[in-house]
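Peer 1: below are the sequence and a predicted model; questions follow.
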Number of protein chains: 4
Amino acid sequence: MRFCLTMKSSGVGLCVLALGMCQIIIARKVLDCNVTGEWRNELGSRLLLTSVGPEVRGVYRTAVESVRGAAGPNREAKVIGVISDGPQPTIAFSVLWAKGSCASWVGQCFTLPGGDQVLNTLWMLRSAVSSSMNDWDGTRLGDDRFVFLRGAESP
Amino acid sequence: MRFCLTMKSSGVGLCVLALGMCQIIIARKVLDCNVTGEWRNELGSRLLLTSVGPEVRGVYRTAVESVRGAAGPNREAKVIGVISDGPQPTIAFSVLWAKGSCASWVGQCFTLPGGDQVLNTLWMLRSAVSSSMNDWDGTRLGDDRFVFLRGAESP
Amino acid sequence: MRFCLTMKSSGVGLCVLALGMCQIIIARKVLDCNVTGEWRNELGSRLLLTSVGPEVRGVYRTAVESVRGAAGPNREAKVIGVISDGPQPTIAFSVLWAKGSCASWVGQCFTLPGGDQVLNTLWMLRSAVSSSMNDWDGTRLGDDRFVFLRGAESP
Amino acid sequence: MRFCLTMKSSGVGLCVLALGMCQIIIARKVLDCNVTGEWRNELGSRLLLTSVGPEVRGVYRTAVESVRGAAGPNREAKVIGVISDGPQPTIAFSVLWAKGSCASWVGQCFTLPGGDQVLNTLWMLRSAVSSSMNDWDGTRLGDDRFVFLRGAESP
């Protein structure tokens, strides 16, 4: 705050104003929702995300399966998707499960008043069906609320 | 069927068997749903897809917008997603629109009895909202049925 | 058009105007989407609806089931729901299937340029799961486009 | 337990068995999820339900609106729907809002290990659009988790 310190007595009002602006800028920085790191949903599924420009990559480890084995031996799958910029970005990403089903999530990252980050999403899970006559039966729907566990470690 | 033609009389049974297998292989080939190429939905939106292993890339040009300009000047966006293998693959892909909304589609590719390919999908469109209190208002839902226009040209 | 016929020559302009208004009113009447009657979707399921004020009642006979027998011996269930007023009403209705699953549709009734009525809907089908841990697995999603077959017969 | 108290010494084993059955019946009674009463979701919306056989009736008072005034002056609407029987019933219900939009919820009632009742739902909100060309834009999607506040008072 060198600017403030060099102000004379007549500048006290301006100084306070400048300090206020600094606080706003800092608060804004803190409130930015950064998806890069590890997330966990209410079922215990883990989501590891890295955003690079408008794309996200990562790994999803599910805690649940619609059919035993549907998610493969590690219940893990690669995540690939998109993310908007801005302090509370929207996000959309997909995974392909080992047995041929796939899923997409869409949602938005929010920083709550206490500083915690949440990722509120809705998802669709598509299972393969035998023919277009059975197409109606192929899609499940649900919601996931991820909470942020930790950011990516620095090197 | 050179293999068959060179068979002597004692090989007739085998020859017929081989022909049968060829027919099965040809039929299977025709029925395989190949997403690489250009698709159009009922609203006139265009979807250009290329599958490379378990990933799909492409371009989406929408014919509609929720708010004028939401999809950007060309109404085009990059497509990124996943696809299963098999003759009627499931697919999930996402796009990020110019103004910060994003969308995901999940669905499955079918070859109809007449040979036409269709891609039956359901989608979610996520718009940015100002805070987690307004999160409930951010997601739209719908369905898209894409028909195949043409495959990617050979070089 | 008694009003027009009694007009003298000086009233021709007004008469034409009045005729134009009549046409608009008639056209509007024809375009009103009236849900009372029988509908069929692309899978062959039948929907018989009667609207009474803001409520709809009826019968749904499904052509498909997620599990054999899920929809009961006749695959029929009572329909109960709500409908808005206006020429192209929105509608939301529910059915309970014999084995304890239930479904809701939301949509809107449109009169197409040729005069045909369609009911474009999205639906969710809820199946019972054993505990809240499996809640994520209980909901299917899809779309139905109903076309109007016939109105309710007069007495 | 008059039945047990009147048993002679030779009936001790039977008496214990009967007590065990009573406990099971009591436990089952406690765990039954009974939707009749008042519920509140995470946004503060209230849901007053009464189940009569396979139907539910009630009142929904929303805490949120997509457009100011969309839910009407009291933000209240009549609830009408269906409910399955069994200890953890599935439910589907609809409301019509004052300005012509309507919504449906599907879900299931669970009694948590601690005894609290929750109603986990997904919903679709349908807004009227001007024509079938804009049909794609008419449906919103979300989730609601209701917690039980109190049962209906006895007379």
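Peer 2: Everything's here; your move. What you see is a predicted model; the values in this text were computed from it and never measured.
Peer 1: how about the secondary structure of residue A:135?
Peer 2: Secondary structure, DSSP: H, G, I helix; E, B strand; the rest coil: residue A:135 is helix.
Peer 1: what about it, neighbour count?
Peer 2: Residues contacting residue A:135 under the criterion other CB atoms under 10 Å in any protein chain shown number 22. For every residue, glycine as well, the C-beta is placed using N, CA and C.
Peer 1: enumerate the beta-bridge partners assigned to the residue nearest to it when sequence neighbours are not counted.
Peer 2: Excluding the flanking residues, the one nearest residue A:135 by CB to CB, 6 or more residues apart in numbering or on different chains is residue B:120, at 5.0 Å. For residue B:120, the beta-bridge partners are residue B:108, residue B:145 (DSSP bridges).
Peer 1: residues in contact with residue B:120?
Peer 2: Each residue near residue B:120 by CB atoms under 8 Å, 6 or more residues apart in numbering or on different chains is listed here: A:132, A:135, B:107-108, B:110, B:143, B:145.
Peer 1: pull the most distant pair out of those.
Peer 2: Longest distance between any two of these is 14.5 Å, between B:110 and B:143; criterion CB to CB.
Peer 1: quick one: residue A:58 and chain B, what's the gap?
Peer 2: The spacing between residue A:58 and chain B, counted by CB to the nearest CB, to the nearest Å, is 13 Å.
Peer 1: oh, I was asking about residue A:73
Peer 2: 16 Å.
Peer 1: do the same with residue A:131
Peer 2: 7 Å.
Peer 1: same check, this time on residue A:31
Peer 2: In terms of CB to the nearest CB, residue A:31 sits 10 Å off from chain B.
Peer 1: residue contacts, that residue?
Peer 2: A:87, A:111, A:115.
Peer 1: can you list those in CSV and add pLDDT?
Peer 2: Formatted as CSV, the contacts of residue A:31 follow (pLDDT from 0 to 100):
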residue, pLDDT
A:87, 95
A:111, 96
A:115, 92
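Peer 1: nearest to residue D:70 among the contacts of residue B:120?
Peer 2: residue B:143 (24.2 Å).
Peer 1: quick one: mean pLDDT over whatever helix or strand the closest one lives in.
Peer 2: Using DSSP states H and E, residue B:143 maps to strand B:139-151. If you average the pLDDT over strand B:139-151, you get 96.
Peer 1: buried residues in that strand, which are they?
Peer 2: For strand B:139-151, burial by neighbour count (16 or more other CB atoms under 10 Å in any protein chain shown) applies to B:139-146, B:148.
Peer 1: helices and strands around it, which ones?
Peer 2: strand B:37-40, strand B:117-126, strand C:117-126, strand C:139-151, strand D:139-151 (3 or more CB pairs under 8 Å, 6 or more residues apart in numbering or on different chains; DSSP states H and E).
Peer 1: relative to strand D:139-151, how tilted is that strand?
Peer 2: Relative orientation of strand B:139-151 versus strand D:139-151 (axes from the mean of the first three to the mean of the last three CA atoms, to 10 degrees): 150 degrees.
Peer 1: with just CA atoms, put strand B:139-151 into PDB.
Peer 2: Extracted in PDB, the C-alpha atoms of strand B:139-151 (Å, rounded to 0.1, in the frame of the first residue of the first chain):
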ATOM      1  CA  THR B 139     -30.100 -26.200 -16.600                       C
ATOM      2  CA  ARG B 140     -32.200 -26.900 -19.700                       C
ATOM      3  CA  LEU B 141     -33.100 -30.300 -21.000                       C
ATOM      4  CA  GLY B 142     -34.100 -31.600 -24.400                       C
ATOM      5  CA  ASP B 143     -33.700 -34.300 -27.100                       C
ATOM      6  CA  ASP B 144     -32.000 -34.300 -30.500                       C
ATOM      7  CA  ARG B 145     -32.300 -36.900 -33.200                       C
ATOM      8  CA  PHE B 146     -29.400 -36.500 -35.700                       C
ATOM      9  CA  VAL B 147     -29.500 -38.100 -39.200                       C
ATOM     10  CA  PHE B 148     -26.400 -38.900 -41.100                       C
ATOM     11  CA  LEU B 149     -25.700 -36.700 -44.100                       C
ATOM     12  CA  ARG B 150     -22.400 -37.900 -45.400                       C
ATOM     13  CA  GLY B 151     -19.200 -39.600 -44.300                       C
END
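Peer 1: now that strand, how far from the centre of its chain.
Peer 2: From the chain centre to the centre of strand B:139-151 is a distance of 9 Å (CA atoms, centre = their mean, to the nearest Å).
Peer 1: so which residues make contact with it?
Peer 2: Contacts for strand B:139-151 (CB under 8 Å, 6+ apart): A:106, A:122, B:34, B:36-43, B:45, B:47, B:66, B:105, B:107, B:116-127, C:122, C:141-143, D:124, D:136-137, D:139-142.
Peer 1: just the strands in chain A please.
Peer 2: Under the criterion DSSP state E, strands of chain A are mapped to A:37-40, A:46-52, A:55-61, A:76-83, A:90-96, A:102-111, A:117-126, A:139-151.
Peer 1: interface residues of chain A facing chain D?
Peer 2: A:122, A:141-143 (CB under 8 Å from any CB of the partner chain).
Peer 1: what's the farthest-apart pair in those residues?
Peer 2: Maximum distance among those (CB to CB): 8.4 Å, for A:141 and A:143.
Peer 1: follow-up on the earlier one: relative to residue C:57, which of the strands of chain A is closest?
Peer 2: strand A:139-151 (26.9 Å).
Peer 1: the closest one vs strand D:102-111, what angle?
Peer 2: Orientation check (the same axes, to 10 degrees): strand A:139-151 against strand D:102-111 gives 70 degrees.
Peer 1: tell me what angle strand A:139-151 forms with strand B:117-126.
Peer 2: Going by the same axes, to 10 degrees, strand A:139-151 makes 50 degrees with strand B:117-126.
Peer 1: contacting residues for residue A:40?
Peer 2: A:46-47, A:146-147, A:149.
Peer 1: just the closest residue of chain A to chain C, please.
Peer 2: residue A:141 (4.0 Å; CB to the nearest CB).
Peer 1: which residues does that residue bridge with?
Peer 2: Beta-bridge partners, per DSSP bridges, of residue A:141: residue A:124.
Peer 1: repeat for residue A:48
Peer 2: residue A:38, residue A:59.
Peer 1: look up how far residue A:78 lies from it.
Peer 2: Counting by CB to CB, to the nearest Å, the gap from residue A:48 to residue A:78 is 10 Å.
Peer 1: what does chain A have sitting close to chain C?
Peer 2: Within chain A, the positions lying close to chain C (CB under 8 Å from any CB) are A:43, A:64, A:66, A:124, A:133-134, A:136-137, A:139-142.
Peer 1: ok, so of those, who is nearest residue D:95?
Peer 2: Residue D:95 lies nearest to residue A:141 out of the residues of chain A next to chain C, by CB to CB, at 20.0 Å.
Peer 1: just to revisit the earlier point, now the buried members of the contacts of strand B:139-151.
Peer 2: Neighbour counting with 16+ other CB under 10 Å marks A:106, A:122, B:34, B:37-41, B:45, B:47, B:66, B:105, B:107, B:117-127, C:122, C:141-143, D:124, D:136-137, D:139-142 as buried within these.
Peer 1: in chain A, what residue lies closest to chain D?
Peer 2: Closest point on chain A to chain D, by CB to the nearest CB, is residue A:143, at 3.8 Å.
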